[in-house]
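A.B. asks: structural data only, the sequence is not supplied:
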Ligand code: DAK
């Protein structure tokens, strides 16, 4: 299917969504967010897809929600229509592993979308920020909640209160991103990571993702109990039998994704 605001392609077992509103630095309007949701639904339904990458252009992952779309709305407009809430958190309920590959600006809603993914890798030219305070508002898609979980309270406060941008090196040092690549190698390197993940057992990768994400939503004791139950359940899969047999027989596993 063709979309107006994103490009969608399949690279082996990896689904790639490229945000594509170049004239607006990929500002996230309602139509773009709906396109992303639709593409994610399709990748989730496709058994041949084991991992998903969300990326933008070399200049911008996304420069935030579309300011021109929201500037004139009143409080009653945004409250009554539950402004742009629908669709925005679609990434967070994606069950397959999803990587944000960020080059250029990831600001406001752009930074929030990246943080909704399972992890972020970035190019050397990446810039992260929550500049909403400069517009007289605050982050609205999880920035005040996910940023402290990524980088800790001090830096999250610094970012949300000053609206400043953080470069790739700082993002790497504080744990915002897991890896930094030369800008022209970002997609090549991200696809290698996504390929690696997509080659694992799909249900087991989904379980691992669910377990890590649980760490951010519960106590340590509950999280460890959850992990234990999921760990036990992996022994009910064909892929655990295959994975361990392959190790013992000194060969590569042939996962059946069951
Ligand atoms: N919205 C609309 N258009 C944007 C845009 C944005 N966020 N960012 C850039 N553009 C447009 C510019 O207006 C310009 O268009 P023309 O004037 O040429 O028509 C074009 O993109 C190129 O931008 P610049 O000329 O400004 O390019 P520069 O390289 O000089 O500067 C920049 C790049 C990224 C530093 C600058 O464009 C900038 O500061 N952009 C705004 C960044 C920002 O403030 N982002 C936060 C927006 S607020 C929610 C969900 C999400 C949100 C809230 C609620 N719910 C679910 C409830 C999110 C809110 C936000 O993200």
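C.D. replies: Good, I have the coordinates. It should be emphasised that the depicted structure is a prediction, and the values quoted were computed from it without experimental measurement.
A.B. asks: give me every residue in the stretch 51-200 of the chain lying close to the ligand.
C.D. replies: 63-68, 83-85, 88, 105, 107-109, 131-132, 135, 140-141 (C-beta under 6 Å from any ligand atom). Quick note: C-beta positions are derived from backbone N, CA and C, even for glycine.
A.B. asks: strands - which of those land there?
C.D. replies: 105, 107 (DSSP state E).
A.B. asks: buried members of the residues of the stretch 51-200 of the chain next to the ligand into PyMOL, please.
C.D. replies: Burial among these is assessed by 16 or more other C-beta atoms under 10 Å; the matching PyMOL selection reads:
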select buried, resi 63+64+65+66+83+84+88+105+107+108+109+131+132+140+141
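A.B. asks: out of the residues of the stretch 51-200 of the chain next to the ligand, which sit inside helices?
C.D. replies: By the criterion of DSSP state H, membership of those in helices covers 67, 68, 109.
A.B. asks: flag the least confident of the residues you listed.
C.D. replies: Among those, residue 68 has the lowest pLDDT, at 93.
A.B. asks: contacts only, for that residue.
C.D. replies: Applying C-beta atoms under 8 Å, 6 or more residues apart in numbering to residue 68 gives the contacts 24, 27.
A.B. asks: and the gap between it and residue 27?
C.D. replies: From residue 68 across to residue 27, the span is 8 Å (C-beta to C-beta, to the nearest Å).
A.B. asks: any chance you could map the helices in the stretch 51-200 of the chain?
C.D. replies: Taking DSSP state H, counting those that start in this stretch as the test, the helices found in the stretch 51-200 of the chain are 67-70, 75-80, 109-116, 143-151, 153-162, 168-173, 186-198.
A.B. asks: tell me the mean pLDDT over the last one?
C.D. replies: What it means is helix 186-198. Mean pLDDT, helix 186-198: 98.
A.B. asks: next SSE after it?
C.D. replies: Using DSSP states H and E, the helix or strand that follows helix 186-198 in sequence is helix 202-214.
A.B. asks: which other residues reach stretch 203-213?
C.D. replies: Contacts for stretch 203-213 (C-beta under 8 Å, 6+ apart): 50-51, 95-97, 118, 197, 223, 226-227, 230, 233-234, 237, 239-240, 243, 255, 257-258.
A.B. asks: residue 8: neighbouring residues, count only.
C.D. replies: Neighbourhood size, residue 8 [other C-beta atoms under 10 Å]: 19.
A.B. asks: quick one: contacts for the residue nearest to it when sequence neighbours are not counted?
C.D. replies: Nearest residue to residue 8, sequence neighbours excluded (C-beta to C-beta, 6 or more residues apart in numbering): residue 39, at 4.9 Å. Taking C-beta under 8 Å, 6+ apart as the criterion, residue 39 is in contact with 3, 6, 8, 15, 17.
A.B. asks: can you list the low-confidence ranges for the stretch 101-250 of the chain?
C.D. replies: For the stretch 101-250 of the chain, no stretch is flagged by pLDDT under 70.
A.B. asks: if I look at the closest residue to residue 106 other than its chain neighbours, how far off is residue 119?
C.D. replies: For residue 106, ignoring the flanking residues on the chain, the nearest one in space by C-beta to C-beta, 6+ apart is residue 61 at 4.2 Å. Residue 61 sits 14 Å away from residue 119, going by C-beta to C-beta.
A.B. asks: the two: who's more crowded?
C.D. replies: Neighbour totals were compared for residue 61 and residue 119, and residue 61 leads with 30 against 18 (other C-beta under 10 Å).
A.B. asks: residue 123 against residue 179, yeah?
C.D. replies: No: Residue 123 sits out of contact with residue 179 when judged by C-beta atoms under 8 Å, with a separation of 10.4 Å.
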